[in-house]
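**Student:** what follows is a predicted structure for the sequence shown.
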Amino acid sequence: MLDILPALLWIIAAVIAVNICLITAIRGNLFSKKHRDVHPVRWSIIALHFTSLVIGALPYPAYAMFRSDFSEVAPVLLWLSALVCVD
């Protein structure tokens, strides 16, 4: 059951990050064909961005703390998720 914790945390962070991108694109009128004023992003979105950063980083210390309980596939998946987070 502990194997799913890093993946679950990483998926939550990815969903939050995609939502932040969508909210920013909508508020920036990226999908609008007319030229309109761009509204600034609210502080709650900035806080949500920091939250997604923290939640996205939590799988790595969770793996480090409970390394013996994870399968052999977990380190490979964590490296792949780190590459996706950096990109």
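**Tutor:** Perfect, I can see it now. Numbering: from 1, shown residues only.
**Student:** just name the shakiest helix or strand of this protein by mean pLDDT.
**Tutor:** Least confident helix or strand, the chain: helix 74-86 with a mean of 69, by mean pLDDT, DSSP states H and E.
**Student:** buried ones in stretch 42-49?
**Tutor:** L48 (16 or more other C-beta atoms under 10 Å). For every residue, glycine as well, the C-beta is placed using N, CA and C.
**Student:** what's the answer for stretch 50-62, then?
**Tutor:** Counting neighbours by 16+ other C-beta under 10 Å, one finds that the buried residues in stretch 50-62 are 52, 55-56, 58-60, 62.
**Student:** how about these in CSV, adding pLDDT?
**Tutor:** Converted to CSV, the buried residues of stretch 50-62 look like this (pLDDT from 0 to 100):
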residue, pLDDT
S52, 84
I55, 84
G56, 82
L58, 82
P59, 79
Y60, 77
A62, 76
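**Student:** return the member of the residues you listed nearest to R42.
**Tutor:** S52 (15.3 Å; C-beta to C-beta).
**Student:** how near is that closest one to V76?
**Tutor:** S52 is 23 Å from V76, where distance means C-beta to C-beta, to the nearest Å.
**Student:** could you list the low-pLDDT ranges of this protein?
**Tutor:** 1-3, 69-74, 77, 82, 85-87 (pLDDT under 70).
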